[in-house]
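**Q** The following block contains a protein sequence and its predicted model.
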Amino acid sequence: MRRALGKAPPQAAFDGIVLCSLFQPIYSLPHQRQVGYEALLRGVPSTGDLLAPFELFAKAIVESSTSTLDRLSHVTHLHNAAKWLPGQTWLFLNVTPASFIDPGYAQQLADVARGSGIRPEEIVIELLESGGSDVCAFAQATQAFRSHGFLVAVDDFGAGHSNLDRLLTLRPDIVKLDRSLIHAHQPDLRESVMPKLVSLLHEAGMLVVAEGVETEEDLLLAARSGVDFVQGFLFGQPSPGYSPEDEATQQIETVFDTLAHTRKTSQLAIDLLLMPYRTLFAEAAERMWAGALPEKACEDLRALPCTVSCFFLDQGGRECIPMIAGAGAVEIEVASHLAPLRKLSIGRWDNRPYFVDALAQPQRLMVSAPYLSATGAGLCVTLSIFINYRSEPLVFGADLNWERLAAPAAGLLPPSA
């Protein structure tokens, strides 16, 4: 526990309202422990009822004193946190856009922080993603705060008019995802978009916090999506000081156990469902290697219900033998609105992972990850292999309807999964 340097300042007040701090813990999923606290402002008027930040700032806006209130909140949080905040723990401070881009404020806040006993390196400056329109000014301010040792986080990303280009220009250290992403009503949005968004942010060099984690289901989604940190009421209400972490640590441990079990059983179920397709695909490849006509070689494979098509590409990725439709092909009249995607014979497919992987490992059966087919077939898994057919090298492949194939997998899993 650190100690404030010198005497603590008198209790801060704004327009007769005493300012106080509540702190909400932020947990690292891989470390399974607290790594930070977000400081949350509250006001105590003469009536004794706590005022929320939006009430305080609404009053400040009317009185044209938002900057004064913002900076008073930082002094309040720093001196309150210094009394109990453990070492090697971040303190997240919300800063208004006006304060953030003030050329001298990074230095001022660094001085106040050191005076309280908290180093700037232990402070994360939180900035609303939508705050302000001058991206260059915010980018310069980000560098200014970093030069004093602070980390910078963008808050509520994914809400309202979030702008990915703006985010990539600011290059914050941490991105806090808005709670609306965790609580999205569409399951597809939660289950598919979240992991991809987190992966994109990681590739851009940013750590990710999932806010609004209120249930075990929310925590499971956050962990499955690969976020680094989580924050929310599941781990307790904000409090004036340290929050015990034993229960949260166990919750995270349980979620990791659940995910490990689900991955294992899901893969077993998918492998079981793929088995007949892999087997008949391998047999078709052997028949073609022996010189059988493609129609005859693929006869059994194309009859399986999820086989969309069998195709044959030369080393340049172009169709060298006409595609053979399978039992799972979508009827032309049903998908007439996708007609522009149907002319496969003039396509070039050598940039597809299934083609690249097959060429890299000749004679080995490759199974792609599920992807959205560019031929209008929906989610697809492709089997591929590089072989010689009548002395000519080619990539033999089969597209499978992934949604239809994977649908029975849930029924094969035990209830605990």
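**A** Sure, I can see it.
**Q** Mind telling me what element the residue most central in space within the chain is part of?
**A** The residue lying closest to the centre of the chain (C-alpha atoms, centre = their mean) is residue 198, at 2.2 Å. Assessed by DSSP states H and E, residue 198 sits inside helix 194-203.
**Q** what's next to that helix, contact-wise?
**A** 158, 175, 177, 181-182, 208, 221, 224-227 (C-beta atoms under 8 Å, 6 or more residues apart in numbering). Placement of C-beta: from N, CA and C, glycine included.
**Q** what packs against the helix or strand following it?
**A** Downstream of helix 194-203, the next assigned helix or strand under DSSP H and E is strand 207-210. The contact analysis (3 or more C-beta pairs under 8 Å, 6 or more residues apart in numbering; DSSP states H and E) places strand 207-210 against strand 174-177, helix 194-203, helix 216-225, strand 229-230.
**Q** and the gap between residue 116 and residue 78?
**A** Residue 116 is 4 Å from residue 78, where distance means C-beta to C-beta, to the nearest Å.
**Q** circling back to that earlier point, the inter-axis angle of the helix holding residue 198 versus helix 216-225?
**A** Calculated by axes from the mean of the first three to the mean of the last three C-alpha atoms, to 10 degrees, helix 194-203 forms an angle of 50 degrees with helix 216-225.
**Q** What confidence value was assigned to residue 408?
**A** We have a pLDDT of 76 for residue 408.
**Q** cool, and the one 4 residues further on?
**A** pLDDT, residue 412: 49.
**Q** List the residues that contact residue 357.
**A** Contacts of residue 357 (C-beta under 8 Å, 6+ apart): 366, 368, 384.
**Q** After the helix or strand where the last one lies, which helix or strand is next?
**A** Per DSSP H and E, residue 384 falls inside strand 379-389. The element immediately downstream of strand 379-389 (helix or strand, assigned by DSSP H and E) is strand 392-401.
**Q** Adjacent strands (with direction) for that following strand?
**A** Using DSSP bridges, strand 392-401 pairs in its sheet with strand 307-313 (antiparallel), strand 379-389 (antiparallel).
**Q** buried residues in that strand?
**A** 394-401 (16 or more other C-beta atoms under 10 Å).
**Q** ok, back up a step: do you know which of the helices and strands packed on strand 207-210 lies nearest residue 91?
**A** Closest approach to residue 91 among the helices and strands packed on strand 207-210 (C-beta to C-beta): strand 174-177, 12.9 Å.
**Q** Can you list the helices and strands that that closest one packs against?
**A** Strand 174-177 packs on strand 151-157, helix 194-203, strand 207-210, going by 3+ C-beta pairs under 8 Å, 6+ apart.
**Q** out of the strands paired with strand 392-401, nearest to residue 191?
**A** Closest of the strands paired with strand 392-401 to residue 191 is strand 379-389, at 12.7 Å (criterion: C-beta to C-beta).
**Q** Can you point out the buried residues in that closest one?
**A** Buried residues in strand 379-389 (16+ other C-beta under 10 Å): 379-387, 389.
**Q** Let's have the residues you listed in a markdown table, adding distance to residue 54.
**A** Listed next are the buried residues of strand 379-389 as a markdown table, based on distance: C-beta to C-beta, whole Å:
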| residue | distance to residue 54 |
| --- | --- |
| 379 | 42 |
| 380 | 47 |
| 381 | 48 |
| 382 | 51 |
| 383 | 55 |
| 384 | 56 |
| 385 | 61 |
| 386 | 61 |
| 387 | 66 |
| 389 | 69 |
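**Q** Max pairwise distance over these: which two?
**A** 379 and 389, at 28.8 Å, using C-beta to C-beta across the buried residues of strand 379-389.
**Q** Quick one: closest of the helices and strands packed on strand 207-210 to residue 353.
**A** Comparing the helices and strands packed on strand 207-210 by their distance to residue 353 (C-beta to C-beta), the top pick is helix 194-203, with 15.8 Å.
**Q** tally of neighbours for residue 260?
**A** 10 (other C-beta atoms under 10 Å).
**Q** which stretches of the stretch 301-417 of the chain form strands?
**A** Taking DSSP state E, counting those that start in this stretch as the test, the strands found in the stretch 301-417 of the chain are 307-313, 319-325, 366-367, 371-372, 379-389, 392-401.
**Q** ok, the third one: who's next to it in the sheet?
**A** Using DSSP bridges, the strands paired with strand 366-367 are strand 379-389 (antiparallel).
**Q** Tell me what angle the partner strand forms with strand 319-325.
**A** 130 degrees.
**Q** how about low-confidence regions in the stretch 301-417 of the chain?
**A** For the stretch 301-417 of the chain, applying pLDDT under 70 flags the ranges 330-346, 375-377, 409-417.
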